[in-house]
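Participant: Sharing a model prediction with you, sequence too.
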Amino acid sequence: MSTADRPVSRPLSPHLQVYRPQLTSMLSITHRATGVALAVGLVWLVVWVCAAAGSADIYAGVAWFNGSILGRIFLFGWTACLFYHLFNGIRHLFWDAGYGLELKDAYASGWTVVGAATICTIGSWLIAGLMR
Amino acid sequence: MADLRSPVARVRGLGSAKDGTHHWWLQRVTAVALVPLVVWFVVSLLRFAPESQAAARAWLASPVTMTMLILAIAVGFWHAALGVQVVIEDYVHAEGWRIGLDMAVKFIAAALTVASVVALFRIAFGG
């Protein structure tokens, strides 16, 4: 469609690249990204459970990866994803029930989710570190 | 070839919603179920922190862990498959790939759920 045929110039929806990033949209795509990451993490949990049922060699291999630097980065990432997705999921459930849909409330709950996820992620790793 | 289907049968399922709110609702049901399951998982993992294989087996073999973990893994994969389905539907436009990938995700989710149950039963009951 050429612009010349257009009778009136209607406003166009801004495309993703020119849309200023907002907390709400960033948290929305992060919810999806953390969900996909957690699906992969769930597969790794099953690998660990199966390894626990398997031979000592297999378990040692999985435990070695979990204890390695890369493994710890993954586990820490999955912890962060888990807490974020849990809290933001609860935020979604409130929206589904019709609460907190005002822009001001959506921002307040958004920052609450970010704060709670950060505290729980760091807190759980501190607790895990202290108990070792 | 004569089409013996009624007019309503021909249009049913052609709208954007396909199956109405069924998918959306199951995503919520599994989400609500996962809230206590995830909280249990994190708290239990922190309490018992099973690192060696013996400690892992002892933790996994307890009836509470088995019950909660089987629920968490099964409902988790259910919720994950529903979520990943939406991601695939949004980004994969070729119909064959879309259907194939969605099926693959569901098969993997089912297979891994069964695998974890078998592994847990083997730890708890297999000598």
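Facilitator: Structure's in. What do you need?
Participant: Every contact and neighbour count from this point should use C-alpha atoms.
Facilitator: OK.
Participant: the helices in chain A, which residues?
Facilitator: A:23-53, A:56-67, A:69-96, A:103-131 (DSSP state H).
Participant: Dump the ones you listed into CSV; add mean pLDDT and distance to B:Ala80 as well.
Facilitator: Converted to CSV, these look like this (pLDDT from 0 to 100; distance: least, CA to CA, whole Å):
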stretch, mean pLDDT, distance to B:Ala80
helix A:23-53, 97, 6
helix A:56-67, 96, 23
helix A:69-96, 98, 12
helix A:103-131, 96, 20
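Participant: now B:Ala61: how far from A:Gly61?
Facilitator: According to CA to CA, to the nearest Å, B:Ala61 and A:Gly61 sit 21 Å apart.
Participant: Could you check which of those two has the larger neighbour count?
Facilitator: Between B:Ala61 and A:Gly61, counting by other CA atoms under 10 Å in any protein chain shown, B:Ala61 is the more crowded of the two (18 against 13).
Participant: residues touching the more buried one, list them.
Facilitator: B:120, B:123-124 (CA atoms under 8 Å, 6 or more residues apart in numbering or on different chains).
Participant: hmm, try it at 6 Å
Facilitator: Residues in contact with B:Ala61 (CA atoms under 6 Å, 6 or more residues apart in numbering or on different chains) are B:Ala124.
Participant: re the thing from before, quick one: the helices of chain A as TSV, columns for distance to chain B too.
Facilitator: As requested, the helices of chain A are exported to TSV (distance: least, CA to the nearest CA, whole Å):
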stretch	distance to chain B
helix A:23-53	5
helix A:56-67	7
helix A:69-96	7
helix A:103-131	6
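Participant: Now render those as a markdown table, adding distance to A:Pro11.
Facilitator: As requested, the helices of chain A are exported to a markdown table (distance: least, CA to CA, whole Å):
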| stretch | distance to A:Pro11 |
| --- | --- |
| helix A:23-53 | 21 |
| helix A:56-67 | 52 |
| helix A:69-96 | 29 |
| helix A:103-131 | 23 |
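Participant: Neighbours of A:Cys50, how many?
Facilitator: Neighbours of A:Cys50 (other CA under 10 Å): 22.
Participant: Over to B:Tyr91?
Facilitator: Using other CA under 10 Å as the criterion, the residues surrounding B:Tyr91 number 9.
Participant: Buried ones in the strand or helix carrying B:Leu37, by neighbour count?
Facilitator: In the assignment (DSSP states H and E), B:Leu37 maps to helix B:22-48. Neighbour-count burial for helix B:22-48, counted by 16 or more other CA atoms under 10 Å in any protein chain shown, picks out B:23, B:27-28, B:30-31, B:34-35, B:37-38, B:40-41, B:46.
Participant: Which of the residues you listed sits closest to A:Trp95?
Facilitator: B:Arg28 (11.7 Å; CA to CA).
Participant: if I look at the closest one, how far off is chain A?
Facilitator: As judged by CA to the nearest CA, to the nearest Å, B:Arg28 and chain A stand 8 Å apart.
Participant: Spatially, which residue comes closest to that residue, not counting chain neighbours?
Facilitator: Leaving aside its sequence neighbours, B:Arg28 sits nearest to A:Leu93 (CA to CA, 6 or more residues apart in numbering or on different chains; 7.5 Å).
Participant: re the thing from before, adding pLDDT as columns, could you present the buried residues of helix B:22-48 in JSON lines?
Facilitator: Shown next, in JSON lines, are the buried residues of helix B:22-48 (pLDDT from 0 to 100):
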{"residue": "B:His23", "pLDDT": "92"}
{"residue": "B:Gln27", "pLDDT": "97"}
{"residue": "B:Arg28", "pLDDT": "97"}
{"residue": "B:Thr30", "pLDDT": "98"}
{"residue": "B:Ala31", "pLDDT": "98"}
{"residue": "B:Leu34", "pLDDT": "98"}
{"residue": "B:Val35", "pLDDT": "98"}
{"residue": "B:Leu37", "pLDDT": "98"}
{"residue": "B:Val38", "pLDDT": "98"}
{"residue": "B:Trp40", "pLDDT": "98"}
{"residue": "B:Phe41", "pLDDT": "98"}
{"residue": "B:Leu46", "pLDDT": "94"}
